[in-house]
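# no sequence for this one, just the structure:
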């Protein structure tokens, strides 16, 4: 179940990054975002770095649904900030400009609720 969940999240993250409707405008924020994805993909040894990088990206470009979605997924999977994860996922849904991305984010939030036993 966790492997399927992780694979689904990776596919969704990449589709969010490549969407024409939503972009990370700040080049440094994009760099931190990509570093966060790379560290997160390593597994447990990269979780803390991934969280640090995504927080830096969020500071540079707050209210970006792509960054908030990624932040929520990282916080949830690391179990370091479950409440913050759901807050970030909710914000990413509210800020989504694209219906398909919003649907994907709703689905990911639902999967997080399911895995959290809610």
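Nice, thanks for sending it over. As the structure is a prediction and not an experimental result, all values here were calculated from the model.
# List the buried residues for the host helix or strand of residue 101?
Assigned by DSSP states H and E, residue 101 belongs to helix 99-115. Neighbour-count burial for helix 99-115, counted by 16 or more other CB atoms under 10 Å, picks out 101, 102, 104, 105, 108, 109, 111, 112. Backbone N, C-alpha and C define where each C-beta goes, glycine included.
# thought the first one was touching residue 21?
Yes: look at residue 101 against residue 21 with CB atoms under 8 Å: they come within range, at 7.1 Å.
# low-confidence ranges in the protein?
Within the chain, the segments meeting pLDDT under 70 span 1-20.
# Is the residue nearest to the spatial centre of the chain part of a helix or strand, or is it coil?
Residue closest to the average C-alpha location in the chain (CA atoms, centre = their mean): residue 70, at 1.1 Å. Using DSSP: H, G, I helix; E, B strand; the rest coil, the secondary structure recorded for residue 70 is helix.
# on that earlier part again, how far does the helix holding residue 101 sit from the chain's center?
Taking CA atoms, centre = their mean, to the nearest Å, one finds helix 99-115 lying 11 Å from the centre of the chain it belongs to.
# Then stretch 95-104?
With CA atoms, centre = their mean as the basis, stretch 95-104 stands 13 Å off its chain's centre.
# and if you look at stretch 58-69?
Using CA atoms, centre = their mean, the offset of stretch 58-69 from its chain centre is 9 Å.
# so which strand or helix has the closest residue to residue 61 other than its chain neighbours?
In this structure, residue 61 finds its nearest non-sequential neighbour in residue 29, 4.1 Å apart by CB to CB, 6 or more residues apart in numbering. Residue 29 is located in helix 27-42, with elements delineated by DSSP H and E.
# Show me what that helix is packed up against.
Packed against helix 27-42, as judged by 3 or more CB pairs under 8 Å, 6 or more residues apart in numbering; DSSP states H and E, are the following elements: helix 2-18, helix 47-60, helix 65-78.
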